[in-house]
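Novice: Generate a structure from the sequence data that follows.
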Amino acid sequence: MAEEQFFQMFLEKIRESISRLKPIDLQDSFFRTAYLSKWNPFQESTPPNGAIVACDGSFGESSFSGGLVVIVARAIAHIYSVKQGSVTRVLEVDTKADYRLQGRAIFMKTLELRVLRNAIEKTLREYGEAFGVFDGSLYLTFLHHEDRLKRVSWIFEKYVEELTSLLRLAEKGVKIVGVSKDSDINYLRAKIIASVLAKLCGESNGLVIRGRSLKKLLKDFKDKYWDKLEES
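Specialist: Coordinates of the predicted model:
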């Protein structure tokens, strides 16, 4: 009870603090223009039929004395009806406890695949057509290391089975996409910043980028181009 009260108090304080912030105007930022220049928009779009099914999940792990490990995972699929504008949900949880247990990421992915498949099958029964979205790659990727595979063998076979079952739906004509993303954009950010700095310095050939460290990039730039930038 006390934790819930503290949470609400913190939440109100955060809202109050945010309300006093002045919005940042990025409309005229040359960095914004540089970022947008790297965006590749789709040329055409087609409204989907039936319903859109998207699934995501998360996991937690706790270790105890004696080597006992408990893994918990949850997954939820949202079914959005295009014509009706309604949203229904399919959700499931799973747990596993064992000594020196490994494979939590595969455990979660297995659950996500199962929930997405169940949600797509439900959608096909109710709407006749489904468009599935999976958070991650639909390729079978794993570390080719014998010891590692032995440690996760308890879940790896189930993972392959669930992935195969989902791809069989795709063979029947169900459209399913896997969205694989990289949240670390330091490489792109360093390249964009370097291109902007090169233009400011009048360097037609740009700046040579090695690695993704912005700190190192700015240091190299300052050592080589700072005097030139001040003159301009």
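
Novice: going forward, measure contacts and count neighbours with C-alpha atoms only.
Specialist: Fine.

Novice: how much space is there between the residue nearest to residue 170 when sequence neighbours are not counted and residue 54?
Specialist: Leaving aside its sequence neighbours, residue 170 sits nearest to residue 176 (C-alpha to C-alpha, 6 or more residues apart in numbering; 6.4 Å). Between residue 176 and residue 54 the computed distance is 10 Å (C-alpha to C-alpha, to the nearest Å).

Novice: shared neighbours, these two?
Specialist: Both residue 176 and residue 54 are in contact with 132-134, where contact means C-alpha atoms under 8 Å, 6 or more residues apart in numbering.

Novice: For the helix or strand where residue 200 lies, which helices and strands make contact with it?
Specialist: Element membership of residue 200 [criterion: DSSP states H and E] is helix 186-201. Applying 3 or more C-alpha pairs under 8 Å, 6 or more residues apart in numbering; DSSP states H and E, we find helix 186-201 packed against helix 30-36, helix 214-231.

Novice: With respect to those helices, which exhibits the lowest mean confidence?
Specialist: Among those, helix 214-231 carries the lowest mean pLDDT, a mean of 65.

Novice: list the buried ones in the helix holding residue 200?
Specialist: Buried positions in helix 186-201, judged by neighbour count with 16 or more other C-alpha atoms under 10 Å: 189-198, 201.

Novice: what pLDDT, on average, does stretch 87-98 get?
Specialist: Mean predicted lDDT for stretch 87-98 stands at 95.

Novice: Next up, the contacts around residue 159.
Specialist: 106-107, 109-110.

Novice: Tell me the one of the residues you listed nearest residue 139?
Specialist: residue 109 (12.3 Å; C-alpha to C-alpha).

Novice: quick one: the closest one is in a helix?
Specialist: Yes. With DSSP: H, G, I helix; E, B strand; the rest coil as the criterion, residue 109 is part of a helix.

Novice: give me the number of residues near it?
Specialist: Applying other C-alpha atoms under 10 Å, we find 24 residues neighbouring residue 109.

Novice: Return the residues in contact with it.
Specialist: Contacts of residue 109 by C-alpha under 8 Å, 6+ apart are 57, 159.

Novice: quick one: it and residue 30, what's the gap?
Specialist: Applying C-alpha to C-alpha to residue 109 and residue 30 gives a distance of 40 Å.

Novice: And the pLDDT at the residue nearest the centre of the chain?
Specialist: Centroid-nearest residue in the chain: residue 181, 5.3 Å away (criterion: C-alpha atoms, centre = their mean). At residue 181, the model reports a pLDDT of 70.

Novice: which residues touch the nearest residue to residue 93 once chain neighbours are set aside?
Specialist: The spatial neighbour of residue 93 that comes closest, neighbours along the chain excluded (C-alpha to C-alpha, 6+ apart), is residue 74 at 4.3 Å. By C-alpha under 8 Å, 6+ apart, the contact set of residue 74 is 57-59, 91-94, 108, 111-112.

Novice: Most neighbours among these, which one is it?
Specialist: Within those, residue 112 tops the neighbour count with 30 neighbours, counted by other C-alpha under 10 Å.

Novice: That residue - that's part of a helix, no?
Specialist: Yes. Checked against three-state DSSP, residue 112 lies within a helix.
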